[in-house]
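A.B. asks: The sequence and its predicted three-dimensional model are supplied below.
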Amino acid sequence: MEPTAGVKTVETFPLSDRVNRISVSPTMAVLQAAEQLKSKGVDVVDFGPGEPDFPTPEHIKRAAVKALEENRTKYTPTPGIAPLRQAICDWHAAQLGSSYQPAECIVSAGGKQAIFNAVCSLVNSGDEVVIAAPYWVSYPDIVKYAGGRPVIVETRAEDDFIMRAADVEKALTARTRMVIADSPCNPTGAVIPPEEFEKLFSLCRRKGVWLLSDECYSHFVYGKAKPFSVASLPGNKDRLMIIGSCSKTYAMTGWRVGYALAPQQLVAAMNKLQSQSTSNVTTMAQYAALEALRGPMDSVAAMLAEYARRRERIVAGLRAIPGVTCTAPQGAFYVFPNISAHLNAAMPNDTAVARLLLERENVAVVPGEAFGAPGYLRISYAASMERIEEGLRRFGRFFARAA
Ligand SMILES: Cc1ncc(COP(=O)(O)O)c(C=O)c1O
């Protein structure tokens, strides 16, 4: 928690080693600073949020209201109501070509809890987990919490930040327990092509290492890329786990509904952990998710079309700023420009750039350092076209002054 204004934080007692190993998500710190300015009436262009700017579609909201009216307000089985687990398996099979049974599915409080429970169920003290940088901020901390050691494999802007099996292979040791693949990736928007996923999957199988595939942005892909799941590939899936979520696909971040698809033994372990911590996901949110997965998907197509328009504009706008380079993201709703040419004594790193951008131009972005990528900024284009135009004007002014 951020310190409350006027309240002294005095450390009077020791906290557990587990909790001391991790820190508050750095993306939250930016959101908080931007919120503070907004509450004072400042016109902030907020490129911080990692969530859709669209409302949850009406038919999904109505399903939750109906669930409430029908008094569906009690506990459900810990891994989720049976029709939802079935709907997840059916949706995943129809959309992404997998074949899972409900016993291989658990509904969790967002993809984040599913990742947390999976890592805590598999990783022992000292085990290594391979993560590609730039990475989603939570992976290393979740691994550390579980007692594991994150092993970071760098990806390259020149290679569109794609996680390559050949690089992963070099990072494997006798202690490697798991490889995490994030495609489409937050923060870079990188999409691992199916043929690279095949190599990654076969490498993990050969080495007996778990592959955790985070598909939370699966349906936001551009150009030639199509929604893809490694679970659609042939072969033994006894070391594969898929993480999915309603959060981004259906603009449902606050509802907290995600899931894992994995071998039954792992799902049972995750269920045990969930049963002793949070229990089931909020009951009416589960009914809303059921409607999301069983109902029409027009809203997803409409959001994708709008993101695609914004992506074109923001990539072109950033590339037009001298000293800023920017790969074209193939998925998700982030751009990840390199601003290192603008670093100097007064502005020595991307964290300073993000701070000054907020101070001078009231533009909120997340510094690349938060994602293990110094010299970059993460800009979310889950913002209206009008805000994007205004933000680009402010970026232009800021970097012209800084040059
Ligand atoms: C790559 C990635 N995975 C997982 C999540 C978790 O999302 P949720 O817990 O809302 O499903 C996020 C959220 O930002 C994300 O960016």
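C.D. replies: Looks like it came in fine.
A.B. asks: what is the mean pLDDT for stretch 118-127?
C.D. replies: Mean pLDDT, computed over stretch 118-127, is 97.
A.B. asks: ignore the last one, stretch 151-169
C.D. replies: For stretch 151-169, mean pLDDT rounds to 98.
A.B. asks: swap in stretch 58-77?
C.D. replies: In this model, stretch 58-77 has an average pLDDT of 98.
A.B. asks: From one end of it to the other, what's the distance?
C.D. replies: 27 Å (CA to CA, to the nearest Å).
A.B. asks: got the contact list for that stretch?
C.D. replies: Residues from elsewhere that reach stretch 58-77 (CB atoms under 8 Å, 6 or more residues apart in numbering): 250, 252, 255, 279-281, 283-292, 295-296. To be clear about C-beta, it is placed using only N, CA and C from the backbone, and glycine gets the same treatment.
A.B. asks: and those, which of them are in helices?
C.D. replies: Per DSSP state H, helices hold the following members of the contacts of stretch 58-77: Thr283, Met284, Ala285, Gln286, Tyr287, Ala288, Ala289, Leu290, Glu291, Ala292.
A.B. asks: which residues sit in contact with the nearest residue to Ala402 once chain neighbours are set aside?
C.D. replies: The shortest distance from Ala402 to any non-neighbouring residue, by CB to CB, 6 or more residues apart in numbering, is to His342 (5.2 Å). Listed by CB under 8 Å, 6+ apart, the contact set of His342 reads Gly323, Val324, Val353, Phe399, Ala402, Ala403.
A.B. asks: Quickly note the distance from the first one to Gly317.
C.D. replies: Distance check for Gly323 against Gly317: by CB to CB, to the nearest Å, it reads 14 Å.
A.B. asks: now the second one
C.D. replies: Per CB to CB, Val324 is found 10 Å from Gly317.
A.B. asks: just Asp43 next, same as before
C.D. replies: 19 Å.
A.B. asks: Counting neighbours, go ahead and name the busier of the two.
C.D. replies: Higher neighbour count among Asp43 and Gly317: Gly317, with 19 against 8, using other CB atoms under 10 Å.
A.B. asks: which outside residues touch the helix or strand containing that one?
C.D. replies: Using DSSP states H and E, the element containing Gly317 is helix 298-319. By CB under 8 Å, 6+ apart, the residues outside helix 298-319 that reach it are 52, 54, 57, 219-220, 222, 249-251, 324-326, 328-329, 333, 335, 337, 379, 381-383, 385, 388-389, 392, 395.
A.B. asks: Quick check: strands, which of these are part of them?
C.D. replies: Using DSSP state E, the subset of the contacts of helix 298-319 located in strands is Val335, Ile379.
A.B. asks: Buried only: go through the contacts of helix 298-319 for me.
C.D. replies: Buried by 16 or more other CB atoms under 10 Å: 52, 57, 219-220, 222, 249-251, 324, 326, 329, 333, 335, 337, 379, 381-383, 388, 392, 395, out of the contacts of helix 298-319.
A.B. asks: can you name the farthest residue from the center of this structure?
C.D. replies: Thr12 (34.7 Å; CA atoms, centre = their mean).
A.B. asks: Tell me the spatial nearest neighbour of the residue of the stretch 51-200 of the chain found nearest the ligand, not counting adjacent residues.
C.D. replies: Nearest residue of the stretch 51-200 of the chain to the ligand (CB to the nearest ligand atom) works out as Gly110 at 2.4 Å. Once flanking residues are discounted, Gly110 sits nearest to Gly258: 4.3 Å by CB to CB, 6+ apart.
A.B. asks: can you pull the contacts of the one you found?
C.D. replies: By CB under 8 Å, 6+ apart, the contact set of Gly258 is 107-114, 216, 243-247.
A.B. asks: how much space is there between it and Val353?
C.D. replies: Between Gly258 and Val353 the computed distance is 32 Å (CB to CB).
A.B. asks: OK, contacts around the residue in the stretch 301-403 of the chain that the ligand sits nearest to?
C.D. replies: Going by CB to the nearest ligand atom, the ligand is nearest to Ala332 of the stretch 301-403 of the chain, at 7.6 Å. Residues in contact with Ala332, defined by CB under 8 Å, 6+ apart, are Pro184, Cys185, Asn186, Gly189, Tyr217, Phe220, Lys248.
A.B. asks: again, but for Ser277
C.D. replies: Counting by CB under 8 Å, 6+ apart, Ser277 makes contact with nothing.
A.B. asks: Who are the packing partners of the helix or strand of the chain with the lowest mean pLDDT?
C.D. replies: Using mean pLDDT, DSSP states H and E, the weakest-scoring helix or strand in the chain turns out to be helix 26-39, at a mean of 82. In terms of contacts (3 or more CB pairs under 8 Å, 6 or more residues apart in numbering; DSSP states H and E), helix 26-39 is packed against helix 350-361, strand 363-364, strand 366-367.
A.B. asks: Nearest to Ser98 among those would be which one?
C.D. replies: strand 366-367 (32.0 Å; CB to CB).
A.B. asks: what's that closest one in contact with?
C.D. replies: 26-27, 30, 48, 187, 349-351, 353-354, 376-378.
A.B. asks: Just checking: what are the partner strands of it?
C.D. replies: For strand 366-367, the paired strands and their directions (DSSP bridges) read strand 377-380 (antiparallel).
A.B. asks: chain center to the partner strand, what's the gap?
C.D. replies: Here strand 377-380 is found 13 Å from its chain centre; the criterion is CA atoms, centre = their mean, to the nearest Å.
A.B. asks: Also stretch 66-73?
C.D. replies: With CA atoms, centre = their mean, you get 30 Å for stretch 66-73.
A.B. asks: quick one on the thing from earlier: any idea which helix or strand comes after the least confident helix or strand of the chain?
C.D. replies: By DSSP H and E, the next helix or strand past helix 26-39 is strand 45-46.
A.B. asks: who's in contact with that next one?
C.D. replies: Strand 45-46 is contacted from outside by Ala34, Lys38, Glu361, Asn362, Val363, Ala364, Ala383, Arg387, Glu390, Gly391, Arg394, using CB under 8 Å, 6+ apart.
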